[in-house]
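K.L.:
What would the 3D arrangement of this be:
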Amino acid sequence: MKATYSPPLHSVYHQGLLLFAHLLMNVDGVVDERELKALQEIRQEEDIPEVTFAAFRETIARKPEKDLYHEGIDLLNSCSDQERLCALVHLYLLTESDLSIHPREVRLLLYSLRRTHVDFDEIELTARLVKANKATSQRAASLELYKSLTNGL
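P.N.:
Next up, the predicted model:
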């Protein structure tokens with residue numbers, strides 16, 4: 001009997017997230033280094049395995065943008081409400097990573113919201129909470145570092 005690999009269900013979420021991140025990063029015609037860094041942070045935060053990222057790279061190499069968009073919508077719509085919200089929050093934050101929001105990025109996000117039935121206000125609120133949580137974590141880490149450095153004084 002031949003063994004087959006069945007990817008975990010969350011890889012559907014990961015693939016949808018990666019497809020939309022790719023589309024969003026490329027929609028303005030320029031992929032900024034800050035956007036690439038933000039994509040790496042998404043991969044780390046979401047613990048996206050290399051096998052999933054390799055499948056994503058293969059998909060974007062062989063399909064036109066229109067197909068990627070429709071596939072991404074289908075993938076995200078097969079996810080839970082929480083996963084869709086999380087993906088769109090990542091995308092919302094990704095638009096801010098290059099310090100300029102292009103009108104095409106806004107249009108892509110708005111179309112995506114409409115097709116995935118996620119409320120913009122919910123995304124904006126969740127994004128603010130995520131940013132606040134990251135800032136709090138960074139301040140706590142800085143405080144711990146300061147304490148460890150000054151402990152011996």
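
K.L.:
now for the longest helix belonging to the chain, which elements pack on it?
P.N.:
Ranked by number of residues, the top helix in the chain under DSSP state H is helix 120-150. Helices and strands touching helix 120-150, by 3 or more Cβ pairs under 8 Å, 6 or more residues apart in numbering; DSSP states H and E, are helix 81-97, helix 103-116. In short, each C-beta sits where N, CA and C put it, glycine included.

K.L.:
Okay, residue 68 and residue 105: tell me how far apart.
P.N.:
15 Å (Cβ to Cβ, to the nearest Å).

K.L.:
mind showing which ranges of the chain have poor pLDDT?
P.N.:
Within the chain, the ranges that satisfy pLDDT under 70 run 1-10, 138, 141, 146, 152-153.

K.L.:
repeat that with 80
P.N.:
1-10, 98-100, 134-135, 137-153 (pLDDT under 80).

K.L.:
Of all the helices and strands packed on helix 120-150, which one comes closest to residue 18?
P.N.:
Smallest distance to residue 18 across those (Cβ to Cβ): 9.5 Å, for helix 81-97.

K.L.:
What residues of the closest one count as buried?
P.N.:
Residues of helix 81-97 classed as buried under the neighbour-count rule (16 or more other Cβ atoms under 10 Å) are 83-95, 97.
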